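# Quick one, what's the 3D model for this:
(chains A and B)
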2 protein chains.
Amino acid sequence: MKMIRQLEQARQGLLTREVRSVARKEGLSAETLAEKVAAGQVVLLKHHGQAVGIGAGLRIKVNVNLGTSPDYVDLKLELTKLKTVCRLGADTVMDLSTGGDLKNIRQRILAESQVPVGTVPIYQAAVSAIERKGSVRHMSPDDFFSAIEEQAQEGVAFVTVHCGITLKTVNRLQQQPRTMSVVSRGGVFTICWMLTNERENPLYQHFDRLLEIARKYDLVLSLGDGLRPGGLSDATDACQIEELITLGELVKRAWEQGVQVMVEGPGHLPLNEVAANVLLEKKICYGAPFYVLGPLVTDIAPGYDHITSAIGAAVAGWHGADFICTVSPSEHLSLPTAEDVADGLLAARIAAHAADLARGNPAAWKWNRSMEIARAQRRWAQQENLSLDPEHFHQRRQSFLPSSRGVCTMCGRYCSMKMIQKALAENKK
Amino acid sequence: MKMIRQLEQARQGLLTREVRSVARKEGLSAETLAEKVAAGQVVLLKHHGQAVGIGAGLRIKVNVNLGTSPDYVDLKLELTKLKTVCRLGADTVMDLSTGGDLKNIRQRILAESQVPVGTVPIYQAAVSAIERKGSVRHMSPDDFFSAIEEQAQEGVAFVTVHCGITLKTVNRLQQQPRTMSVVSRGGVFTICWMLTNERENPLYQHFDRLLEIARKYDLVLSLGDGLRPGGLSDATDACQIEELITLGELVKRAWEQGVQVMVEGPGHLPLNEVAANVLLEKKICYGAPFYVLGPLVTDIAPGYDHITSAIGAAVAGWHGADFICTVSPSEHLSLPTAEDVADGLLAARIAAHAADLARGNPAAWKWNRSMEIARAQRRWAQQENLSLDPEHFHQRRQSFLPSSRGVCTMCGRYCSMKMIQKALAENKK
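Just a heads-up that it's a prediction; the model follows:
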């Protein structure tokens, strides 16, 4: 079977099946979408014959992270999380497992997921080196690449690759310590390897080798921000922006080889720095799609970081971020439960929708208008159907039933909407 | 006992006990705070000998609405809510009861509250007219004022008064219907009265009479936005802004009479209209403190409106809003439970803190830095103490204990912070 490379097809003006289906879902013409793909502004992620588009002019998409940890390996729980988030509207998932039989877990998630699956292949390479040889130091440069190729072959749609970490940035980190240092696990594995081996990052040094693999499988590269701030005090610092500049250079090289690419971003940012971070990514990385983790806009609310990150994500999306990674309420505390990932996803979807509205997305406005009208007319069943989480809506309303069906228990017979409609109707001019 | 009017004292350069205590809490000099009070940029709310300051240059404050409805009258529940939100850091509460013995409920809340209490006196006037005489129509103009005076006398610190609704705005509403019409209960009671009696709003027409009462008790007026948008489609429309212009005129008149005043705002706003709404209030109302309800930045997430409103509140606060009204997850669905008001309050406090950070509040940054350092050093007990909700932090961590005390179950032994610290220490240059 010949590999169809979306970027190359789009450049030739050919409308692939994926371009046509995504264009239909987004309410764009296939030609317009193909132009965006050709320009690198949109990437197409594929899974089981379906495609999801991420980038400028499209609905903002939401990813959910799944995966085991060394302390907690429960494949059944991870598959429950997967099922839950697919039902609640996740656009993609990432398997970030670091405990148990990583290959088996990944293959089960790939088989059962209804949405494209991403991974961070260095986890497998590093965990394997630690388990078999006692230290991340014993990875070979080949190990970096073989994990990526193995996962691409299995059907992973996109991979986070920390290509922007160089000896220069590691040196900067040693000279100018940060409050939170490095919080990206993939970034830390890479830096530990570089420090102990005193060698350059293979994914940077041999980036062309990575591009060959990506070309072979039309694998979308998500250029990871290994030096993303882990606390507000480290936000938008030289470490972070120096890495972003490197990523911008790599975006160009990926495009030259016909490889689809997006760029990852913070992390933790004060609210007033969010817009600048989006601007920087869009300028420095030539409009490549921006994939943000949060950003969390305060550090003082562990247990509620789905909310701190929804605030940041809404503002980031409004200013142009294209892809939001869900942060669950368990962030900074523990591995999330199924309920945690659900709560995180709903918060991220709220952020994405608020940003879509702010960006003037017509489908987002149509949905919102329908809800406003159903609410004004106090049509409760319709409101339930239109709500982000109809089951939750139903349970809440059932648990506190009003005396009259047309209102709710907040105001009862003093329902403002009911009273004003009656008064205006009776006193028409 | 002579009534001390904060605004008049401040204008004379006198430093009241309240100014001194609020200045200390805010980390300002008493002189600086008195200047802000004198300029009307800050109001002081009093309760049981304590004071809370709201306005420019101060920490953003958070209010929680309590109160019964005709469908659900449970004083014990309301007092439980009160206790819960005082413990979780509410700066003020409002008693919005419309069911049961309103006077008794209010007096119990006033007695047991640890924070200043606000009310919407027209609720009592309207509910009484409906219960005793069958319709809101039968309120007399005197009823509008006597409810306010009664509550001021009882010790209410601030009242929402819908003075900006005029026959002109009611006419506009009839000529240019909105999607959600009017959603403010106080606004609707007022408009119903005006329509059925074909008379001007007494609180507008006889605003000086209201100012006399406010002067007598040094009652802070919170000028209500009866025409605040109830859905995104009605946001920032002529109805809303026309009322705001009237409120700006009334702010000036209040100041002329030595009366402290703040202005209420939306409501429901698309994210990209939030900053403009804050700007408009600050310009049109001469810098009077801005009290926002949300704003909710999407209408499609009933059951999660503590999150939709936290997004809007954070952005509003960052741009200059001073006072945030909590929206609970039960908004648009039912009267809130104690758990609902707690969840709403925590989301609003997150928004306020994120906005304080964005505005450069030194105390907010000190708190955040302490948490970052505790987290970087993986001091879990310290993180718990510093967190917004230590009890919740504790429960979450206990429910999912890691294999090693220094990490969490998210990454276990692959804790990025632990690994990078070790690697950097062992490979010092």
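
# Can you name the residues that contact A:Glu331?
Residues in contact with A:Glu331 (Cβ atoms under 8 Å, 6 or more residues apart in numbering or on different chains) are A:Leu296, A:Pro302, A:Asp305, A:His306, A:Ser309, A:Gly344, B:Met410. For the C-beta atoms, the positions are set from N, CA and C on the backbone; glycine is no exception.

# pLDDT score assigned to it?
What the model reports as pLDDT for A:Glu331 is 95.

# try the one 10 residues further on
Predicted confidence (pLDDT) for A:Val341: 98.

# ditto for A:Gln240
In this prediction A:Gln240 is given a pLDDT of 97.

# What of A:Lys429?
Here, the pLDDT recorded for A:Lys429 equals 66.

# picking that back up, the contacts of A:Glu331 in helices, which ones?
Judged by DSSP state H, the subset of those located in helices is A:Asp305, A:His306, A:Ser309, A:Gly344.

# where exactly do the helices run in the stretch 201-350 of chain A?
Under the criterion DSSP state H, counting those that start in this stretch, the stretch 201-350 of chain A contains helices at A:202-205, A:207-217, A:238-256, A:274-284, A:305-318, A:338-358.

# out of those, nearest to B:Ala23?
helix A:305-318 (29.7 Å; Cβ to Cβ).

# now check the closest one, is it near chain B?
Yes - using Cβ under 8 Å from any Cβ of the partner chain, a contact is recorded between helix A:305-318 and chain B, made by A:His306, A:Ile307, A:Thr308, A:Ala310, A:Ile311, A:Ala314, A:Val315, A:Trp318.

# How about the residues of the stretch 151-300 of chain A by chain B?
Of all the residues in the stretch 151-300 of chain A, those in contact range of chain B (Cβ under 8 Å from any Cβ) are A:171, A:173-175, A:177, A:179-185, A:187-189, A:191-192, A:195-196, A:230-233, A:270-272, A:297-300.

# are any of those buried, and which?
Buried members of those, counted by 16 or more other Cβ atoms under 10 Å in any protein chain shown: A:173, A:179-185, A:187-189, A:191-192, A:195, A:230-233, A:270-272, A:297-300.

# Point out where chain A drops to low pLDDT.
Counting by pLDDT under 70, chain A contains low-confidence residues at A:1-2, A:429.

# let's see 90
A:1-4, A:174-177, A:398-410, A:427-429 (pLDDT under 90).

# Send me stretch A:347-364 as PDB with only the CA atoms.
As requested, C-alpha coordinates have been extracted for stretch A:347-364 and formatted as PDB (Å, rounded to 0.1, in the frame of the first residue of the first chain):
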ATOM      1  CA  ALA A 347     -13.400  21.800  31.700                       C
ATOM      2  CA  ALA A 348     -11.100  21.800  28.600                       C
ATOM      3  CA  ARG A 349     -14.100  21.500  26.300                       C
ATOM      4  CA  ILE A 350     -15.600  24.500  27.900                       C
ATOM      5  CA  ALA A 351     -12.400  26.400  27.400                       C
ATOM      6  CA  ALA A 352     -12.300  25.300  23.800                       C
ATOM      7  CA  HIS A 353     -15.900  26.300  23.200                       C
ATOM      8  CA  ALA A 354     -15.400  29.700  24.800                       C
ATOM      9  CA  ALA A 355     -12.400  30.300  22.700                       C
ATOM     10  CA  ASP A 356     -14.200  29.100  19.500                       C
ATOM     11  CA  LEU A 357     -17.000  31.600  20.300                       C
ATOM     12  CA  ALA A 358     -14.400  34.400  20.900                       C
ATOM     13  CA  ARG A 359     -12.800  33.500  17.500                       C
ATOM     14  CA  GLY A 360     -16.200  33.700  15.800                       C
ATOM     15  CA  ASN A 361     -16.500  30.000  14.800                       C
ATOM     16  CA  PRO A 362     -20.000  29.800  13.200                       C
ATOM     17  CA  ALA A 363     -20.700  26.300  14.400                       C
ATOM     18  CA  ALA A 364     -19.900  27.200  18.000                       C
END
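
# so how far is it off the chain centroid?
15 Å (Cα atoms, centre = their mean, to the nearest Å).

# Buried ones in it, by neighbour count?
When neighbours are counted by 16+ other Cβ under 10 Å, the buried residues of stretch A:347-364 are found to be A:347-359, A:361, A:364.

# For the stretch 101-250 of chain A, which residue gets nearest to chain B?
A:Gly231 (3.7 Å; Cβ to the nearest Cβ).

# Quick one: the strands in chain A, in order.
Under the criterion DSSP state E, strands of chain A are mapped to A:42-47, A:50-55, A:61-66, A:92-95, A:117-119, A:158-161, A:220-223, A:261-265, A:290-293, A:323-325.

# May I see those strands arranged in JSON lines, with mean neighbour count as well?
Conversion of the strands of chain A to JSON lines gives the following (neighbours: other Cβ atoms under 10 Å in any protein chain shown):
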{"stretch": "strand A:42-47", "mean neighbour count": "25"}
{"stretch": "strand A:50-55", "mean neighbour count": "22"}
{"stretch": "strand A:61-66", "mean neighbour count": "25"}
{"stretch": "strand A:92-95", "mean neighbour count": "26"}
{"stretch": "strand A:117-119", "mean neighbour count": "26"}
{"stretch": "strand A:158-161", "mean neighbour count": "27"}
{"stretch": "strand A:220-223", "mean neighbour count": "27"}
{"stretch": "strand A:261-265", "mean neighbour count": "27"}
{"stretch": "strand A:290-293", "mean neighbour count": "27"}
{"stretch": "strand A:323-325", "mean neighbour count": "27"}
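
# any idea how far A:Pro121 lies from B:Pro402?
Between A:Pro121 and B:Pro402 the distance, using Cβ to Cβ, to the nearest Å, works out to 25 Å.

# Could you list the buried residues of stretch A:214-228?
For stretch A:214-228, burial by neighbour count (16+ other Cβ under 10 Å) applies to A:214-215, A:217-228.

# Pick the one among those residues closest to A:Ser334.
Set against A:Ser334, the nearest of the buried residues of stretch A:214-228 by Cβ to Cβ is A:Arg228 (21.0 Å).

# phi, psi of the closest one?
According to degrees, to the nearest 10, the main-chain angles of A:Arg228 amount to phi -60, psi 140.

# got a list of what it touches?
Residues touching A:Arg228, when contacts are defined by Cβ under 8 Å, 6+ apart, comprise A:Val183, A:Ser184, A:Gly187, A:Gln240, A:Glu264, A:Gly265, A:Pro266, A:Gly267, A:His268, A:Leu293.

# hmm, try it at 10 Å
For A:Arg228, the contacting residues are A:180, A:182-184, A:187, A:234-235, A:239-240, A:243-244, A:264-269, A:277, A:292-295, taking Cβ atoms under 10 Å, 6 or more residues apart in numbering or on different chains as the criterion.

# try A:Val259
With contacts defined as Cβ under 10 Å, 6+ apart, A:Val259 is in contact with A:5, A:7-8, A:40, A:43, A:210-215, A:218-221, A:250-251, A:253.

# try 6 Å this time
Residues in contact with A:Val259 (Cβ atoms under 6 Å, 6 or more residues apart in numbering or on different chains) are A:Leu211, A:Ala214, A:Arg215.

# and those residues as TSV, adding distance to B:Thr166?
Conversion of these to TSV gives the following (distance: Cβ to Cβ, whole Å):
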residue	distance to B:Thr166
A:Leu211	67
A:Ala214	65
A:Arg215	68
